[in-house]
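Asks: Starting from these lines, generate the structure:
(2 chains)
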Amino acid sequence: MLFSSISFLYYFLPCVLTIYFITPTKYKNSILLLSSLLFYFYGEPIYILVMLGAIVSAYIHGILIQKYPKYNKIFLLSSISISLIALSLFKYSDFFIESINDILNTNMKPLNLVLPIGISFYTFQILSYVIDVYKGNVKAQKSLINLATYIALFPQLIAGPIVRYIDIEKELTKRKHSYKTFSEGISRFCIGISKKVLIANALGELCQYFLQTNNKSVIFYWIYGVAFSLQIYFDFSAYSDMAIGLGKIFGFHFLENFNYPYISKSITEFWRRWHISLGAWFKDYVYIPLGGNRVSKKKLVRNILIVWMLTGLWHGANWTFVLWGVLFGILLIIEKLFLKQLLEKIPKLFQHIYVLWVIIISFIIFNANSVKEAIVQIIGLFGGNGEPIINQETLYYLKNYFVILIIAGFGATPFLKNIMTKLKEKIKIKKIINVLQPVILASLLLLVTAYLVDSSYNPFLYFRF
Amino acid sequence: MSDKTRDIVITIMFVVLINLFFFANLLKKDTEISVTERRKLAQLPNLTLKTVLDGTFRNRFEQYTTDQMIKREEFRKLKSAAEIYLFGKKDHHAVYRYQDSIIKMEYPLNEKSVLYISKKINEIQKNYLKDMKCYYAIVPDKNYFTKEQEYLRLDYEKLQQIMAQNIEQVEYINIFDCLQLEDYYLTDIHWRQENLQKVVDKISNKMGFQNRLTIPYEKEEIIEFDGVYAKEIPFIMKKDKISILTNDILKNAKVYHYENGKETKIYDKQKIDSNDKYDIYLSGNTPLITITNPHAQTQKELLVFRDSFASSLIPLFTEAYSKITLVDIRYMRSKDIEKYIELKDQEVLFLYSTLVINQSNVLK
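Replies: Alright, predicted model coming up:
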């Protein structure tokens, strides 16, 4: 079920909210768990068994790790192996088979398994839980219902953010509900769903026009690069907004997942602002155990490349994702070794241009179906495919989506947020904003509903991960 | 307003809004069709273990909740208004306003489709119409007249060129220069029968039956109507008027419908109450009909392969023939024409709009 759907907004959510808030506190987790399982079952009626198996495995392993310290390493390895085998089987088996076929000229048949929704996200949450139990950072959860609620919690189940057990351990058993958190959650959810439905979907349409046309032009390649970079940001950050908002409604405080990444002045900064929960996960569970920064230059390069190859692979089983990850890995190494110091010496404008240019290229690779397609599109940016600089079709779509591109461009910066913060410093204006806020949220919700009722393009890009 | 009051207002607003829609949707009687979209709306799907497990329940339920949302039409209007006024889009669902007219963009040129219809015409001509004199004409869609190139439109030159290069043994009658935007309805895709005299002259002249069209027509206004695109964009448009050209020949002509075995008049006034008022002409889309002219001064017959544009044009040829057969191979297989039509020495006209030519996979 998509958050941005009529079925979620006007069927699932009112039922769950009503039942949840009339249920006594001690049964609230059970209601959340049942709702989350129904939410998942609706989209994955068969693969829910895979998730339930993963939950039970995590529960048993957590307890065994804590109860038998002598053998905790074995139990940890067993838990990690089970999680990674399941993830590899569903997500990577065909990629490996096809790669082996290509390299060795063999003819092994792919398994053609369907990727269970959200498996990358809940697997990483489970890994963080068992590793933290092993490290003694958290205690093993004794209640299967509480652990299952953590793993299957519907706001963040299928597209993150990757919530670590340690971050919501206390709220699983004791959390506060108030008008303040509820209204903050609603505001965040409404902004998220508006970003997704009104902006990301429109940018997605523009990208589709580009991908489908045979009349491309150099300018159209650039428009596509910019539009897709904005689409993926608005799509994914919108989902995180909705997840964080829904979490707040139910009394959970998830960590932020995005912090205006497109205002970064280096790629290192970009990755501190983009998909923060994934970056932090790899840092804590892969990069630091490998030695992190405190190693020789050779090992540092190795560590960064391993982490970024895995980051690429996490996003999808395709060489384009490996290339995308390695590209960032190499750039981060170069920045760490010398480029960052050089960048700091040039004007800020050029630092931004450098980052945005890299991002556009990287997301073109990210969205391509093959490495070949990515290369053709990158060459197209520089007029290497023999296409005109501009044509009538490009001009038409540029005019048609100009307002959306401008709104998205501004929306990707903290410009509006900063203005609001300044305005709220004046008490009179703050009071006016307080009156306007419910009106604006209700208007946005109605406008989003109008778009959902008449929708044609509404996929979530991060559902495939 | 204090922060605390604001929080309470937001909470109440949201909870009331989503519950209001939830209960309103539950209580609302499901609607069967969408008049403005001209399609059936999804109905509540069957809930069985099989449909749940194979995902069909989910897919149909998603469509159902979207299709049956309360105040759906109002929401659709809100969206089209937001697209045009808020986000500055030039079109909504490829529909745009040009001068006083509403036009649906047809773009880009589908060369494979143009080739497909060309081959189809050749195939029909070679298999069934070998010794007959055959012609084809193309009806330009309204985009053709948006000269300013402000919107995307087909490459009409190329379309005609592809057809000319690939169609054999069938002569082309170019009617592009006989038409202008005013000859089409403001809110509908079709042309106005009362404005087709130039087209009639051109075709009849080329096919050699101009001298058999002698009796003038009287114009009769039937009804005001909103065409298929009237509700697509948020502008208040002038109403269209449907009119018919008639005379004694047309009044006495009989139309036989092979699909249901019924006989009607050329102008089917029962269709005044239908959603598509253009159906007044020859009762709308149907696979195979004949127009018989009991007062014909000739034994000549005409065979027309056509789409809906022919419904208003071909009646104006009635006087020149004893019988006109209209075949719509969107609704019947071209292989079957010999089963239903006695092929002898008819004159033949293939009349298709650029809209069908560019999406000719619908031809069987």
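
Asks: Only C-alpha atoms from now on, for both contacts and neighbour counts.
Replies: Will do.

Asks: Quick check, residue A:438 in contact with residue B:8.
Replies: No: contact between residue A:438 and residue B:8 fails when scored by C-alpha atoms under 8 Å: they sit 9.8 Å apart.

Asks: Name the residues of the stretch 201-350 of chain A found near chain B, please.
Replies: Taking C-alpha under 8 Å from any C-alpha of the partner chain, no part of the stretch 201-350 of chain A reaches chain B.

Asks: pretty sure residue B:3 is touching residue A:434, no?
Replies: Yes: the pair residue B:3 / residue A:434 is scored as a contact, 6.7 Å apart, by C-alpha under 8 Å.

Asks: neighbour count winner among these two?
Replies: Of the pair residue B:3 and residue A:434, residue A:434 is the one with more neighbours under other C-alpha atoms under 10 Å in any protein chain shown, namely 21 against 14.

Asks: From the chain's centroid, how far away is whichever helix or strand that one is part of?
Replies: Secondary structure assignment for residue A:434, by DSSP states H and E: helix A:427-453. Centre-to-centre, helix A:427-453 and its host chain are 26 Å apart (C-alpha atoms, centre = their mean, to the nearest Å).

Asks: So for it, what gets flagged as buried?
Replies: By 16 or more other C-alpha atoms under 10 Å in any protein chain shown, the buried positions in helix A:427-453 come out as A:430-431, A:433-435, A:437-438, A:441-442, A:444-453.

Asks: Can that helix be said to contact chain B?
Replies: Yes: residues of helix A:427-453 are located near chain B by C-alpha under 8 Å from any C-alpha, namely A:431-432, A:434-435, A:437-438, A:442, A:447, A:449-453.

Asks: Give the closest residue to the residue nearest the centre of chain B in space, chain neighbours not counted.
Replies: Centroid-nearest residue in chain B: residue B:308, 5.7 Å away (criterion: C-alpha atoms, centre = their mean). Excluding the flanking residues, the one nearest residue B:308 by C-alpha to C-alpha, 6 or more residues apart in numbering or on different chains is residue B:285, at 6.3 Å.

Asks: Can you pull the phi and psi angles for that neighbour?
Replies: phi -70, psi 130 (degrees, to the nearest 10).

Asks: what residues are up against it?
Replies: B:279, B:307, B:308, B:328 (C-alpha atoms under 8 Å, 6 or more residues apart in numbering or on different chains).

Asks: roughly how far apart are it and residue B:310?
Replies: Computed as C-alpha to C-alpha, to the nearest Å, the residue B:285 to residue B:310 distance reads 10 Å.

Asks: Check residue B:107 too.
Replies: From residue B:107 across to residue B:310, the span is 23 Å (C-alpha to C-alpha).

Asks: Please list the residues of the stretch 1-150 of chain B that sit near chain A.
Replies: B:1-4, B:6-11, B:13-15, B:18-19, B:21-22, B:52-55, B:58, B:61-62, B:65-67, B:69, B:72, B:75-76, B:78-79, B:87-91, B:150.

Asks: Narrow the residues you listed to just the buried residues.
Replies: Buried, going by 16+ other C-alpha under 10 Å: B:6-11, B:13-15, B:18-19, B:21-22, B:52-53, B:55, B:58, B:61-62, B:65-67, B:69, B:72, B:75-76, B:78-79, B:87-91, out of the residues of the stretch 1-150 of chain B next to chain A.

Asks: Not counting its neighbours along the chain, what's nearest residue B:108?
Replies: Closest to residue B:108 by C-alpha to C-alpha, 6+ apart is residue B:154, at 5.7 Å.

Asks: next one: residue B:109
Replies: Excluding the flanking residues, the one nearest residue B:109 by C-alpha to C-alpha, 6+ apart is residue B:154, at 5.1 Å.

Asks: now residue B:283
Replies: residue B:268 is the one closest to residue B:283 (C-alpha to C-alpha, 6+ apart), at 5.5 Å.

Asks: Read off the pLDDT value for that neighbour.
Replies: With respect to pLDDT, residue B:268 has a value of 91.

Asks: can you check residue A:341 too?
Replies: Looking at residue A:341, the pLDDT reads 84.

Asks: what sits against it?
Replies: Counting by C-alpha under 8 Å, 6+ apart, residue A:341 touches residue A:335.

Asks: got the contact list for stretch A:165-174?
Replies: The contact list for stretch A:165-174 (C-alpha under 8 Å, 6+ apart) reads A:29, A:125, A:128-129, A:132, A:137-138, A:146, A:149-150, A:251-255.

Asks: From the residues you listed, list just the buried residues.
Replies: By 16+ other C-alpha under 10 Å, those give A:29, A:125, A:128-129, A:132, A:138, A:146, A:149-150, A:251-255 as buried.
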